[in-house]
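Participant: prediction below, plus the sequence it came from.
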Amino acid sequence: MTSGMTSPNSPLAAASAAAAPSLGGRDAATHAARLQHDRMANAIRALAMDAVEQAKSGHPGLPMGAADIATVLFTQFLKFDPADPAWPDRDRFVLSAGHGSMLIYSLLHLLGYEQMTLDQLKRFRQLGSLTPGHPENFVTPGLETTTGPLGQGLGNAVGMALAERMLAAQFGDDLVDHRTYVLASDGDLMEGLSHEAIALAGHLKLAKLTVLFDDNGISIDGPLSLADSVDQVKRFEAAGWAASRIDGHDPDAIHRAIELTKTSDRPTLIACKTTICFGAPKKAGTSKAHGEPLGAEELAGAKQALGLAGAAFEVPREAVATWRAAGARGRTARTEWQQRLAAKPAAIRAEFTRRIAGTRPPGIAEAVAALKAKHAAEPPTVATRKASEMTLEVLTEAVPELILGSADLTPSNNTRTKNLSVIAPGSYGGRYIHYGIREHGMAAAMNGIALHGGFVPAGATFLVFTDYARPAMRLAALIGLPVIYVMTHDSIGLGEDGPTHQPVEHLAALRAIPNMRLFRPADAIETAECWQLALERTDGPTVLALTRQNLAAVRKDASKDAGLNRCAEGAYELVAADGAAEVTLFATGSEVEIAVGAQALLKQRGIAARVVSVPSLELFLAQGEEKRRAVIGSAKVKIAVEAAVRQGWDAVIGADGAFVGMSTFGASAPYKELYKHFGITPEKVVEAALAKLGKAKV
């Protein structure tokens, strides 16, 4: 084969026709293979150009530049079946460079994914289409994840590759034996997340992970050299990867490089030198191809250079036929895998199928009820991070797919229970992951683990460091992934570490993310209930905000009905008033104890008050109006108590309600002194109530 693509400045078809008669034997076969490859790659280019042009929006450069890489990967290596996009043992392909979405949409259409019709390509970036501006796996069958924010796909892929190894360790290589491939741009590799992701993958020796780097040297601002001079090959090698450079337009070189990954004992980076917008007469190799249509003149010139004579969205029949044949190639592998699954003992088959489907095992509610009954009989005074550990001792036995981990704060987060062994390089049978000081990498990998299937990932750090993980957490909410974040040290109650570590605005910030569910339990019983709700949820992520400081037990009714989960509606009356309530006190987490103390002081003054625990503000606000009214009640005065900022609480207490909490950053001191210093005490709650009632302090 030739060392590079046919020149974009000369018509491919004419050049091939002229050369063919002089070739014979092996040379003729080689030339024919190259001609077939070029036809297939140019089919991707044609569809990508036309879709972006019709939408008057999009990124044609990457699909045109990476078409050769994708053609070799999908036709010669990738294991998949368009007839069953969710086949569990398929290889995973992640387009981390999601701005080049027309690459994957073109591939899905050409390979024969039923729903990716030509009409869908024509509706690129239009409302309600299967071809949104950036890939969304919850919209488009055949996509593995949702990408666009750079680096996220790479982080997801690390989680997918790890999940494959963990699932294989539990169920065997005859059921789980697939690879994960990533197409990444220079932007993906410049994002800080990439450092965390590749370091984790290199450490864990995820040898079945391959990153194909579309090394075109161009960003939106212009040449990459304006802002970056990193040698990515050396960088990946330093992180424990195998790495090489190839010509990204040479199908032979691409094939050889991917073939070598099969024998590597490390993850692999293949830096594929490409020309962005390959084939375009003027925009090829420039930033003009990065985020705008080619325009009619440039489009026509590109098609002429590539030997594409058809009308818009018209692809040569022979190219389509070859692509469809490639799409059908995986059917045999899938049916053979299904036969292997069917031959397994019924118990193994049922468990594997349950795990992949994301169905929770029976017994979660019963295990939590038994734990609550124990706590009711002997009420513990513990931090909710410790209560979480006590709950996990039970739930890790009841839920074998629950995978725990921490960003280097295991002793502080209390996430490793006695029955969990550690996942280590080459040893993937454990259920605990040391993510290192990589909060963002942890959250992105957790998304990948959940996307892969077979596990429920839960990862931990301090609540203040959700800032580091937020982009991946937001995507978990967008996609609807059932991942769990154990975020401890949730307020000024962490004490001496001071305002850098005290999260005053983070509860509000997390509550602002659509589909994110946040729980802030008040004691051990609420912690158990919140863990149950987090595990039972399958349509989105959950944050458990937990204390460092010890809390007294506030739930006194659990022994009556341990099977009732009172946290399930987000808020409930914890302590009723004696008679008609003049004041309702709403509180979360560590401040529920303060509200209970204030209620007792108000009672001494002859003022009837009730206490409502609000373990999940957003879950409560999602309830129907009738339920909300019943819990909020009709008391004249409504006061919210939370060691955080007020934002979000007006939906419960109204704009004229009182708030006892934070309006500044915290300070460094023992936590009890801090609560007094910032006025978050029962006495200050009483003062706020008296002021609202128009009664003088005594």
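Facilitator: Everything's here; your move. Numbering: from 1, shown residues only.
Participant: which SSE is residue 371 in?
Facilitator: For residue 371, the host element (DSSP states H and E) is helix 364-377.
Participant: export that helix to PDB, keeping only CA atoms.
Facilitator: What follows is helix 364-377, C-alpha atoms only, in PDB (Å, rounded to 0.1, in the frame of the first residue of the first chain):
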ATOM      1  CA  ILE A 364     -32.000  -4.000  50.300                       C
ATOM      2  CA  ALA A 365     -35.100  -2.700  52.100                       C
ATOM      3  CA  GLU A 366     -35.000  -5.600  54.600                       C
ATOM      4  CA  ALA A 367     -31.300  -5.100  55.300                       C
ATOM      5  CA  VAL A 368     -31.800  -1.400  56.000                       C
ATOM      6  CA  ALA A 369     -34.900  -2.100  58.100                       C
ATOM      7  CA  ALA A 370     -32.900  -4.500  60.300                       C
ATOM      8  CA  LEU A 371     -30.100  -1.900  60.700                       C
ATOM      9  CA  LYS A 372     -32.600   0.800  61.600                       C
ATOM     10  CA  ALA A 373     -34.200  -1.500  64.300                       C
ATOM     11  CA  LYS A 374     -30.800  -2.000  65.800                       C
ATOM     12  CA  HIS A 375     -30.100   1.800  65.800                       C
ATOM     13  CA  ALA A 376     -33.500   2.400  67.400                       C
ATOM     14  CA  ALA A 377     -32.800  -0.100  70.200                       C
END
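Participant: how far does the following helix or strand past it sit from its chain's centre?
Facilitator: Toward the C-terminus, helix 364-377 is succeeded by helix 384-398 as the next helix or strand (DSSP H and E). Put simply, helix 384-398 sits 24 Å off its chain's centre (C-alpha atoms, centre = their mean, to the nearest Å).
Participant: mean confidence for helix 384-398?
Facilitator: Taken as a whole, helix 384-398 has a mean pLDDT of 98.
Participant: cool, and stretch 179-188?
Facilitator: pLDDT averaged over stretch 179-188 gives 98.
Participant: buried residues of the longest helix seen in the chain, list them for me.
Facilitator: Ranked by number of residues, the top helix in the chain under DSSP state H is helix 25-55. Residues of helix 25-55 classed as buried: 31, 34-55 (neighbour count, 16 or more other C-beta atoms under 10 Å). C-beta here means a position set from N, CA and C on the backbone, and glycine is covered the same way.
Participant: for the chain, name the helix or strand with the lowest mean pLDDT.
Facilitator: For the chain, counting by mean pLDDT, DSSP states H and E, helix 12-19 ranks last in confidence among helices and strands (a mean of 35).
Participant: where does the prediction get shaky in the stretch 501-650 of the chain?
Facilitator: For the stretch 501-650 of the chain, residues meeting the criterion pLDDT under 70 lie at 558-559.
Participant: residue 464: neighbour count?
Facilitator: 21 (other C-beta atoms under 10 Å).
Participant: CA atoms of the helix or strand that contains residue 352 as PDB?
Facilitator: In this assignment (DSSP H and E), residue 352 forms part of helix 346-357. C-alpha atoms of helix 346-357 as PDB (Å, rounded to 0.1, in the frame of the first residue of the first chain):
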ATOM      1  CA  ALA A 346     -29.000 -20.800  35.700                       C
ATOM      2  CA  ALA A 347     -27.900 -18.900  38.800                       C
ATOM      3  CA  ILE A 348     -24.800 -17.400  37.100                       C
ATOM      4  CA  ARG A 349     -26.800 -16.600  34.000                       C
ATOM      5  CA  ALA A 350     -29.500 -14.900  36.000                       C
ATOM      6  CA  GLU A 351     -27.100 -12.900  38.100                       C
ATOM      7  CA  PHE A 352     -25.100 -11.700  35.100                       C
ATOM      8  CA  THR A 353     -28.300 -10.700  33.300                       C
ATOM      9  CA  ARG A 354     -29.600  -8.900  36.400                       C
ATOM     10  CA  ARG A 355     -26.400  -7.000  36.900                       C
ATOM     11  CA  ILE A 356     -26.100  -5.900  33.200                       C
ATOM     12  CA  ALA A 357     -29.800  -4.800  33.300                       C
END
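Participant: report the buried residues of it.
Facilitator: 351-352, 355-356.
Participant: quick one, what contacts the nearest residue to residue 171 once chain neighbours are set aside?
Facilitator: Leaving aside its chain neighbours, residue 171 sits nearest to residue 352 (5.5 Å; criterion: C-beta to C-beta, 6 or more residues apart in numbering). By C-beta atoms under 8 Å, 6 or more residues apart in numbering, residue 352 lies in contact with 171, 175, 341, 344, 454.
Participant: residue 512 now?
Facilitator: Residue 512 sits in contact with residue 648, where contact means C-beta under 8 Å, 6+ apart.
Participant: so residue 584: helix, strand or coil?
Facilitator: strand (DSSP: H, G, I helix; E, B strand; the rest coil).
Participant: number of residues surrounding the residue lying closest to it once chain neighbours are set aside?
Facilitator: Nearest residue to residue 584, sequence neighbours excluded (C-beta to C-beta, 6+ apart): residue 635, at 4.2 Å. Residue 635 sits with 18 neighbouring residues when counted by other C-beta under 10 Å.
Participant: circling back to that earlier point, most neighbours of all the contacts of residue 352, which one?
Facilitator: residue 454 (22 neighbours).
Participant: buried set for stretch 369-382?
Facilitator: 369, 371-372, 374-376, 379-380, 382.
Participant: sorry, back to before: report the distance from the helix holding residue 352 to the chain centre.
Facilitator: Distance, centroid of helix 346-357 to centroid of chain: 24 Å (C-alpha atoms, centre = their mean).
Participant: what's the average pLDDT for it?
Facilitator: Here the average pLDDT along helix 346-357 is 98.
Participant: ditto for stretch 298-309
Facilitator: Mean predicted lDDT for stretch 298-309 stands at 96.
Participant: okay, buried residues for it please.
Facilitator: So for stretch 298-309, counting by 16+ other C-beta under 10 Å, buried means 298-299, 301-308.
Participant: which pair in those residues spans the largest distance?
Facilitator: Farthest apart among the buried residues of stretch 298-309 by C-beta to C-beta are 298 and 307. That separation is 16.4 Å.
Participant: picking up where we left off before, can you put the buried residues of stretch 369-382 in TSV and add distance to residue 222?
Facilitator: What follows is the buried residues of stretch 369-382, written out as TSV (distance: C-beta to C-beta, whole Å):
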residue	distance to residue 222
369	62
371	60
372	61
374	64
375	62
376	66
379	65
380	61
382	57
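Participant: show me which of these is closest to residue 595.
Facilitator: Using C-beta to C-beta, the buried residues of stretch 369-382 come closest to residue 595 at residue 379, 17.8 Å.
Participant: residues in contact with the most centrally placed residue in the chain?
Facilitator: Residue closest to the average C-alpha location in the chain (C-alpha atoms, centre = their mean): residue 447, at 3.2 Å. By C-beta under 8 Å, 6+ apart, the contact list for residue 447 reads 145, 152, 155-156, 159, 472, 475-476, 479, 481, 483.
Participant: so which helix or strand takes in it?
Facilitator: Going by DSSP H and E, residue 447 is part of helix 439-452.
Participant: one more: residue 688?
Facilitator: helix 682-693.
Participant: same thing with residue 212?
Facilitator: Going by DSSP H and E, residue 212 is part of strand 209-215.
Participant: swap in residue 459?
Facilitator: strand 456-462.
Participant: and for residue 676?
Facilitator: helix 671-677.
Participant: buried set for that helix?
Facilitator: Quick answer for helix 671-677 (16+ other C-beta under 10 Å): 671, 674-675.
Participant: helices of the stretch 101-250 of the chain, start to end?
Facilitator: 101-111, 118-122, 152-171, 186-190, 192-204, 232-238 (DSSP state H, counting those that start in this stretch).
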